[in-house]
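A.B. asks: Here is my input; please provide its structure:
(one chain, ligands or ions: 1)
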Amino acid sequence: MRLSQYFMPILRDDPKEAEIVSHRLMLRTGMVRQESAGIYSWLPLGFRVLKKIEQIVRQEQNRAGAIEVLMPTIQSADLWRKSGRYDDYGKEMLRITDRHDRDMLYGPTNEEMITDMFRAGAQSYKDLPRNLYHIQWKFRDEVRPRFGVMRGREFLMKDAYSFDYTADGGRHSYGKMFVSYLRTYARMGLKAIPMQAETGPIGGDLSHEFLILADTGESEVHFDRDFYDMDWSEFTIDYDDPQAVSAIVNDYTSKYAATDDMHVEADFHARVPQDRRLSGRGIEVGHIFFFGDKYSQPLDCFVQTAEGGNVPILSGSYGIGVSRLAGAVIEASHDEAGIIWPEAVAPFDIGLINLKAGDSATDAACDKLYGELSSAGLEVLYDDKDDRAGGKFARMDLIGLPWQIIIGPRSLKDGNAEVKNRKTGERENVALSGIVSRFAKQG
Ligand code: P5A
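C.D. replies: Numbers count the residues shown, from 1 in each chain. Below you'll find the model as predicted:
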């Protein structure tokens, strides 16, 4: 993408309304724009990040055996009346009346709808287990939307729903999602600690929240320092092996970690020696629940057993805050100069800076390299604008692409470009002829 033809409205100054760094940087880099309180447009740069996050989430859900569907944002109130949540949800639910005076709502979550969909499509225990998910916009009329996309009113969520026949099967389904969440966050360069959590309006008695540590987080958290020393890199797993799955779940849940609602100081002290007890703040990037027949009973979601009886399906639901993650990654990875994107979710792989746009030799070298890198499958943002060098450097640092390739008349004399790593700040002169192979190999 040529910057001269792109739409990336960078703000010169820090926006006043932004209280936390991710919100500030998302506004400054023109990733998002607030349309109403807690409701955002995703501009081209932000949209690319959102799609990358979504794709990692999708790949890891598929890998764990979940099947993608797409349910609508607007739901009928009927099923919510049946489950009893129509009144429970209170003012957080955006209620709409259609032209026939029917009560509708903008879905804050989809337990009811998917349970009804599954009921209509599954008859016997042989149709189980299954896990269905979608990635869809939700609406919750939060009292205080704040921190940009971190606590929006409209936000993108991945929500998966498991359907099982036996309690053991249900636990395995829960474990698979638990493990897939560890892999998902690891791929984005995040350490998300699973913590015991309250179930709130979703319900059930088994639940974990996944939190990344950040001073700006909304939740107070208490945990064993051991989590710091764990191996957070990606790992392989055979999801069909219940023992392998539960071994990983046990490994992570055997250490103390709880959000403030579930925190018991006496347990913390009993289980964790003083020098390993840590308390701080965290951002909730995922939340999983097992609630058995809470929705299948009222919504009549039963299957036939082998013996010919009828039993309610056992379910859990599993959420990831996809749009929130865009902010969370920035909270976890930035410096004074701006964002530092982990490669997996960066809007582009490389920023190519032409230091002398208009100079025919520099233009020719940049254009050629831009074409070659693009053909090699790399995503390049090519700064071909006629701006001062200082401004170009600052802008490229601000938007935080992992690599910068800088070409000007001086480096060109020796047939070189300067390659800068945004994260480490390291710079290196590389022969122009060797650049494509260098990045293609990494890619
Ligand atoms: C689980 C999936 C649920 O809604 N039902 C379907 C269950 N869980 S949850 O914890 O309420 O939400 C799941 C994740 O969505 C993100 N999230 C938000 N992101 C941005 N703005 C919001 N207002 C918001 N509310 C929830 C969180 O990451 C949460 O973990």
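
A.B. asks: Please count neighbours and contacts with C-alpha atoms only from this point.
C.D. replies: Fine.

A.B. asks: Tyr181 in helix, strand or coil?
C.D. replies: helix (DSSP: H, G, I helix; E, B strand; the rest coil).

A.B. asks: Assess the claim that Pro108 and Lys138 are in contact.
C.D. replies: Yes - between Pro108 and Lys138 there is a contact at 5.0 Å, judged by C-alpha atoms under 8 Å.

A.B. asks: Run a quick neighbour tally on the residue nearest to Pro9 when sequence neighbours are not counted.
C.D. replies: Spatially, and ignoring its direct neighbours in sequence, Pro9 is nearest to Gly30 (4.9 Å; C-alpha to C-alpha, 6 or more residues apart in numbering). Counted with other C-alpha atoms under 10 Å, residues neighbouring Gly30 total 19.

A.B. asks: which residues sit in contact with Gly30?
C.D. replies: By C-alpha atoms under 8 Å, 6 or more residues apart in numbering, the contact list for Gly30 reads Met8, Pro9, Ile10, Leu11, Leu43, Leu45, Gly46.

A.B. asks: Just give me the neighbour total for the last one.
C.D. replies: Spelled out, that is Gly46. Number of residues near Gly46 (other C-alpha under 10 Å) recorded here: 23.

A.B. asks: which ones are touching it?
C.D. replies: By C-alpha under 8 Å, 6+ apart, the neighbours of Gly46 are Met26, Gly30, Met31, Val32, Pro347.

A.B. asks: I'd assumed the last one was in a strand, is it?
C.D. replies: This points to Pro347. No - according to three-state DSSP, Pro347 belongs to no strand; its state is coil.

A.B. asks: What ranges in the chain fall below the confidence cut-off?
C.D. replies: 441-443 (pLDDT under 70).

A.B. asks: rerun that using 90 as the cut-off
C.D. replies: Applying pLDDT under 90 to the chain picks out residues 13, 16-17, 196-206, 214-216, 218-219, 228-236, 440-443.

A.B. asks: Packing partners of the longest strand along the chain?
C.D. replies: Secondary structure of the chain per DSSP state E: the longest strand is strand 277-292. Packing contacts for strand 277-292, counted by 3 or more C-alpha pairs under 8 Å, 6 or more residues apart in numbering; DSSP states H and E, involve helix 167-187, strand 206-213, strand 219-224, strand 314-321, helix 322-332.

A.B. asks: For the ligand, which of those is the nearest?
C.D. replies: Among the helices and strands packed on strand 277-292, strand 314-321 comes nearest to the ligand, with 3.4 Å by C-alpha to the nearest ligand atom.

A.B. asks: who's in contact with the closest one?
C.D. replies: Residues outside strand 314-321 that contact it (C-alpha under 8 Å, 6+ apart): 111, 155-167, 170, 174, 177, 285-293, 296.

A.B. asks: quick check, the helix or strand harbouring Gln61 touching the ligand?
C.D. replies: Using DSSP states H and E, Gln61 sits in helix 44-63. No - Helix 44-63 does not reach the ligand (C-alpha under 6 Å from any ligand atom); its nearest approach is 12.5 Å.

A.B. asks: how far is that helix from where the chain is centred?
C.D. replies: Centroid separation for helix 44-63 versus its chain: 8 Å, with C-alpha atoms, centre = their mean, to the nearest Å.

A.B. asks: Can I get it as PDB, trimmed to CA atoms?
C.D. replies: Only the C-alpha atoms of helix 44-63 are listed here, as PDB (Å, rounded to 0.1, in the frame of the first residue of the first chain):
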ATOM      1  CA  PRO A  44      -8.000   1.000   7.400                       C
ATOM      2  CA  LEU A  45      -5.100   0.500   9.800                       C
ATOM      3  CA  GLY A  46      -7.200  -0.600  12.700                       C
ATOM      4  CA  PHE A  47      -9.300  -2.800  10.500                       C
ATOM      5  CA  ARG A  48      -6.300  -4.700   9.300                       C
ATOM      6  CA  VAL A  49      -5.300  -5.400  12.900                       C
ATOM      7  CA  LEU A  50      -8.800  -6.400  13.900                       C
ATOM      8  CA  LYS A  51      -8.800  -8.900  11.000                       C
ATOM      9  CA  LYS A  52      -5.500 -10.400  12.000                       C
ATOM     10  CA  ILE A  53      -6.600 -10.900  15.500                       C
ATOM     11  CA  GLU A  54      -9.800 -12.400  14.300                       C
ATOM     12  CA  GLN A  55      -8.000 -14.800  12.000                       C
ATOM     13  CA  ILE A  56      -5.700 -16.100  14.800                       C
ATOM     14  CA  VAL A  57      -8.700 -16.600  17.000                       C
ATOM     15  CA  ARG A  58     -10.500 -18.400  14.100                       C
ATOM     16  CA  GLN A  59      -7.600 -20.700  13.400                       C
ATOM     17  CA  GLU A  60      -7.200 -21.700  17.000                       C
ATOM     18  CA  GLN A  61     -10.900 -22.300  17.400                       C
ATOM     19  CA  ASN A  62     -10.900 -24.500  14.300                       C
ATOM     20  CA  ARG A  63      -7.800 -26.300  15.500                       C
END
